[in-house]
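Student: the following comprises the amino acid sequence and a computationally predicted model.
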2 protein chains.
Amino acid sequence: MPENTTPHKRTGTKQKILKVSTALFSELGYKGTSVRKIAKEVGIRESAIYNHYKNKEEIFLEVAKGIFSSPFSQGNTDIKESAMKGKAFLQNFTMQYKLLTFDKSNENMFRLLMIELFQNKELREQFMSEFHDKNVKILSEAFFIMMQNSLIRSQDPMMMSYEFLSTLFYMRLQITLMRFDNDSTTAISTQFEKHVEFFWESVRI
Amino acid sequence: MPENTTPHKRTGTKQKILKVSTALFSELGYKGTSVRKIAKEVGIRESAIYNHYKNKEEIFLEVAKGIFSSPFSQGNTDIKESAMKGKAFLQNFTMQYKLLTFDKSNENMFRLLMIELFQNKELREQFMSEFHDKNVKILSEAFFIMMQNSLIRSQDPMMMSYEFLSTLFYMRLQITLMRFDNDSTTAISTQFEKHVEFFWESVRI
DNA sequence: GTCTATATCACGATAGAC
DNA sequence: GTCTATCGTGATATAGAC
């Protein structure tokens, strides 16, 4: 027995608002997206929006929340195990990253992040923790294990992760920008594999 | 005999508009900056703005133009000469980049760039050509020379530049974000030097 | 070149009928 | 839960006096 808003009919409208808002915020940023546009796209009047959300800010925060919960940590495939493979681990990690880069919904997330990064403190913190720290942590563990197994030369694992990750991020930024203008990304897309090659040659023993 | 607008008095107003606009656009983005705010800060009425610029867009493009002409290529110190020094060249290049990162006006520029990157096609093109291509070109030349002199291992110079640059960019982004929130950047600021060390160890023969 | 005054518009949000 | 109607605000931009 559900006792929430819209008891028996499906909660379609609220979800539709969220879906439409996600697309619009991603494309136009916070200021560029108006409640008017959202309502129009959803197919209701502006005033009806306020039956579901207190105000525009509440919609945005809900969008931001949902967007970050998209799991980057894939299957949590035992790091201790896979890190032993050395180069293959990095190839796999990079592949996952590449897939995210070219995934449509993640592309929107990334765009929204970049647009609002300097305007929303909450988003900045999520960027640092979800985007950066999380990946550095995974990579650091892996590099540490590789060092223990004498696969790579000894270095600060955190620093190594930073070096490895920053290039992935920069490629992602460039590709997202290029796709935004419908430029071809074939040339740069092979860069991911080259990056792994270069990095591995730099650190392997 | 000047025959332009404001014949004998100084053209202070137009320059002041530009100066104020630069600060405001950098802080608030395009949508967040209103002609009202600009006028108020300058100390004139909104309508007076239109004696100097056709519209808001024209002001913004002028700001963007000026902001990119800030020369990264410093003294154009003969690359052929300095590249021979190998590691010292990279240290010098990175030092310049670090100075830019911590320079207040360049910090504003970078923030503006990040805010509007996905909203303004012209800015994207300027980013690609001025920000990326230019630096890749300088570094590629240097790496090529280093290879010729057997200072570093043989690789695609462009690719090497990409690898070297992307980390600098990522550090810059992180530092700018942290400074935005008044977080301490002492820990990350030494990363620049570590990056050069790591990279040099990766490529030197 | 600056001012006052105004036109026109889009925005976020609310009140109240259905 | 959605609608119509409306308010208040702040935005870009223009016309015309000084």
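Tutor: Great, that's in hand.
Student: check contacts around A:K121.
Tutor: B:D181 (Cβ atoms under 8 Å, 6 or more residues apart in numbering or on different chains). Quick note: C-beta positions are derived from backbone N, CA and C, even for glycine.
Student: next one: phi and psi at it?
Tutor: A:K121 has phi and psi values of phi -60, psi -40 when expressed as degrees, to the nearest 10.
Student: does the residue nearest to A:M158 when sequence neighbours are not counted lie in a helix or a strand, and which?
Tutor: Leaving aside its chain neighbours, A:M158 sits nearest to A:S140 (5.2 Å; criterion: Cβ to Cβ, 6 or more residues apart in numbering or on different chains). Per DSSP states H and E, A:S140 falls inside helix A:134-148.
Student: for the longest helix anywhere in chain A, C-alpha coordinates in CSV please.
Tutor: In chain A, assigned by DSSP state H, the helix with the most residues is helix A:157-180. Extracted in CSV, the C-alpha atoms of helix A:157-180 (Å, rounded to 0.1, in the frame of the first residue of the first chain):
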residue,chain,number,x,y,z
PRO,A,157,52.2,4.8,-5.9
MET,A,158,49.9,7.9,-5.4
MET,A,159,52.2,10.0,-7.6
MET,A,160,52.2,7.3,-10.2
SER,A,161,48.5,7.1,-10.2
TYR,A,162,48.3,10.9,-10.5
GLU,A,163,50.5,10.8,-13.6
PHE,A,164,48.6,8.0,-15.2
LEU,A,165,45.2,9.4,-14.5
SER,A,166,45.8,13.0,-15.5
THR,A,167,46.4,12.0,-19.1
LEU,A,168,43.2,10.0,-19.2
PHE,A,169,41.3,13.0,-17.9
TYR,A,170,42.8,15.3,-20.4
MET,A,171,41.9,13.0,-23.3
ARG,A,172,38.4,12.7,-21.9
LEU,A,173,38.1,16.5,-21.9
GLN,A,174,39.4,16.9,-25.4
ILE,A,175,37.2,14.1,-26.8
THR,A,176,34.1,15.5,-25.1
LEU,A,177,34.8,18.9,-26.5
MET,A,178,35.3,17.5,-30.0
ARG,A,179,32.2,15.5,-29.9
PHE,A,180,30.3,18.5,-28.8
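Student: buried ones in that helix, by neighbour count?
Tutor: Neighbour-count burial for helix A:157-180, counted by 16 or more other Cβ atoms under 10 Å in any protein chain shown, picks out A:157, A:159-180.
Student: mind checking the pLDDT average for that helix?
Tutor: For helix A:157-180, mean pLDDT is 96.
Student: other SSEs contacting that helix?
Tutor: In terms of contacts (3 or more Cβ pairs under 8 Å, 6 or more residues apart in numbering or on different chains; DSSP states H and E), helix A:157-180 is packed against helix A:87-102, helix A:104-116, helix A:134-148, helix A:186-189, helix A:191-203, helix B:157-180, helix B:191-203.
Student: if you count neighbours, what's buried in the fourth one?
Tutor: For helix A:186-189, the buried set under the neighbour-count rule, 16+ other Cβ under 10 Å, is empty.
Student: quick one: distance of it to the chain centre.
Tutor: Mean-position distance between helix A:186-189 and its chain equals 20 Å (Cα atoms, centre = their mean, to the nearest Å).
Student: please list the residues outside it that contact it.
Tutor: By Cβ under 8 Å, 6+ apart, the list of residues contacting helix A:186-189 reads A:98, A:102, A:171, A:174-175, A:178.
Student: repeat the analysis, applying 10 Å as the threshold.
Tutor: For helix A:186-189, contacts defined as Cβ atoms under 10 Å, 6 or more residues apart in numbering or on different chains pick out A:98, A:101-102, A:171, A:174-175, A:178, A:194, B:162.
Student: A:S129 - how many residues pack around it?
Tutor: Neighbourhood size, A:S129 [other Cβ atoms under 10 Å in any protein chain shown]: 11.
Student: and what of A:L112?
Tutor: 27.
Student: who touches the closest residue to it other than its chain neighbours in this structure?
Tutor: Distances taken as Cβ to Cβ, 6+ apart place A:S26 nearest to A:L112, at 4.3 Å, with adjacent residues excluded. When the contact criterion is Cβ under 10 Å, 6+ apart, the partners of A:S26 are A:33, A:63, A:67, A:105, A:107-116, B:118.
Student: whichever of those end up buried, select them in PyMOL.
Tutor: Selection of the buried residues among these in PyMOL, burial being defined by 16+ other Cβ under 10 Å:
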select buried, (chain A and resi 33+63+67+107+108+109+110+111+112+113+114+115+116) or (chain B and resi 118)
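Student: which one among the contacts of A:S26 gets closest to DNA strand C?
Tutor: A:T33 (6.6 Å; Cβ to the nearest atom of the strand).
Student: where's the closest one relative to chain B, distance?
Tutor: 10 Å (Cβ to the nearest Cβ, to the nearest Å).
Student: quick check: mean pLDDT across stretch A:48-66?
Tutor: 94.
Student: ok, A:R153 touching A:E201?
Tutor: No. Applying Cβ atoms under 10 Å as the test, A:R153 and A:E201 come out as separate, 11.5 Å apart.
Student: which neighbours do those two have in common?
Tutor: B:S202.
Student: quick one, domains of chain A?
Tutor: A:12-66, A:70-203 (automatic domain parsing).
Student: pull up the distance across the first one, start to finish.
Tutor: What it means is domain A:12-66. 17 Å (Cα to Cα, to the nearest Å).
Student: OK, contacts around A:L28?
Tutor: Contacts of A:L28 by Cβ under 10 Å, 6+ apart are A:34, A:37, A:111-112, A:115, B:31, B:118-119.
Student: that concludes my questions; thank you for your assistance.
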